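Asks: with the input below, show me the fold.
(one chain, ligands or ions: 3)
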Amino acid sequence: MIKKNQTLGEFIIGNQASFKYSSGELSSLLNSIRLAAKVVNHEVNKAGLVDIIGAAGDVNIQGENQQKLDVYANDKFIQTLTNRNIVCGIASEEEDDFISINSIDENHQNKYIVLIDPLDGSSNIDVNVSVGTIFSIYRRVTPVGTPVTLEDFLQKGNQQVAAGYVVYGTSTMLVYTTGDGVNGFTLNPAIGSFYLSHPNMEFPESGTIYSVNEGNYIHFPQGIKNYIKYCQKEEDDRPYTSRYIGSLVSDFHRNMIKGGIYLYPKSSLNSNGKLRLLYECNPMAFIAEQANGKASDGFTRILDIQPTELHERVPFICGSRNMVETCESFLRNAQ
Ligand code: AHG
Ligand code: MN
Ligand code: MN
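Replies: Ligands and ions are numbered 1, 2, ... in the order given. Purely as a prediction, here's the structure:
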């Protein structure tokens, strides 16, 4: 049940019963993400002070403040997820291989797999522009009692049990789904609690924003070039507005609220685009579909793609349903 003024902690517990494997474990896992998000938020918010504090010499005894923030965020999420003893394996953008958690899960009893992009859009940190965190949660497919294997991580996105993102923006928000709609929570920094601020988030069916790195135009496939020209044409509700932050989380978040389409197509430079299927595209696609939007690689539903590698990349087109479908039709027609 949705009640305004609920904290994220209350909401997680209150909705636990609607989850099909209702055991409290997923709740505890989501709570650990909530905690890590607060810790990372604190650090991201003082990013501009790092050199100043460092120079004063009163912080940074363990060198932590001068770590690149994506490494810092990676460490915090892994630490927090490991501590709760619910996760058996973690894969991250910042780790070459997956991590099998056997320090406190010696008998391999834990059931959940987490994939994360600890800091998304990290090139924006230095210029005070919004960044994010993306997470994706599965149940393991290998038997409990055995170590996790790559197979546990290479599940199709349609097997996700939960996914979400944190946007460290003008305010910090955590948005997530467990397959029963999408809800957004805003952090009250004075109290340190997330409050339900955006219940039942949904993409408008259509919108007037397109988000793409147009500097790569010359390298795009003809279908994408044609679609971009369509967005710019003066007809009906067009030309659309172009908005591109360069943080997937922030671009997605804006488009979900206002209506729009995000594109990171393949190009003559990157035959599979740039974004990673497992910890960027799949979680965002799950959220998009739960919010009445759509996500595809231009031809195939993102959530139906069988992954073959941990860090594989895939073209990504995501947003308001009608806009994604129009873009797909341009790609088909250019074949
Ligand atoms: P990350 O910082 O995790 O590597 O992700 C950056 C991604 C994504 O957030 C963003 O939309 C995209 O890269 C921007 O890429 P371009 O600079 O090539 O447009
Ligand atoms: Mn990213
Ligand atoms: Mn990243």
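
Asks: spatially nearest residue to Phe203, not counting backbone neighbours?
Replies: Distances taken as CB to CB, 6 or more residues apart in numbering put Gly293 closest to Phe203, at 3.6 Å, once the chain neighbours are dropped. (Glycine included, C-beta is placed from N, CA and C.)

Asks: cool, and Thr186?
Replies: Ser197 (4.0 Å).

Asks: closest point of the stretch 1-150 of the chain to ligand 2, which residue?
Replies: Across the stretch 1-150 of the chain, no residue is closer to ligand 2 than Asp120, which sits at 3.5 Å (CB to the ion).

Asks: likewise for the stretch 201-335 of the chain?
Replies: Of all residues in the stretch 201-335 of the chain, Glu280 sits closest to ligand 2, at 5.1 Å by CB to the ion.

Asks: who's in contact with the residue nearest to Thr186?
Replies: The contact partners of Ser197, by CB atoms under 8 Å, 6 or more residues apart in numbering, come to Met173, Gly184, Phe185, Thr186.

Asks: among those, which are located in helices?
Replies: Within these, no residue falls in helices by DSSP state H.

Asks: what is the nearest of the residues you listed to Lys258?
Replies: Taking CB to CB as the measure, Lys258 lies nearest Gly184 of those, at 14.0 Å.

Asks: distance check, that closest one against Leu8.
Replies: Noted for Gly184: a distance of 10 Å to Leu8, by CB to CB, to the nearest Å.

Asks: what is the end-to-end distance of stretch 214-223?
Replies: Start-to-end span of stretch 214-223 (CA to CA, to the nearest Å) is 14 Å.

Asks: and that stretch, is it in reach of ligand 1?
Replies: No. Stretch 214-223 lies apart from ligand 1 when judged by CB under 6 Å from any ligand atom; the minimum separation is 7.1 Å.

Asks: re the thing from before, could you list which of the contacts of Ser197 belong to strands?
Replies: Met173, Gly184, Phe185, Thr186 (DSSP state E).

Asks: the first one contacts Asn183, doesn't it?
Replies: No. Using CB atoms under 8 Å, Met173 is not in contact with Asn183, being 10.4 Å away.

Asks: all the strands of the stretch 151-300 of the chain, residue numbers only.
Replies: Taking DSSP state E, counting those that start in this stretch to define them, one finds strands in the stretch 151-300 of the chain at 162-168, 172-177, 182-188, 193-198, 209-211, 241-242, 260-264, 293-296.

Asks: OK, contacts around the residue nearest to Phe77 when sequence neighbours are not counted?
Replies: Closest residue to Phe77 apart from its sequence neighbours, by CB to CB, 6+ apart: Ala36 at 4.7 Å. Contacts for Ala36 were tallied using CB under 8 Å, 6+ apart; they are Lys76, Phe77, Gln79, Thr80, Leu81.
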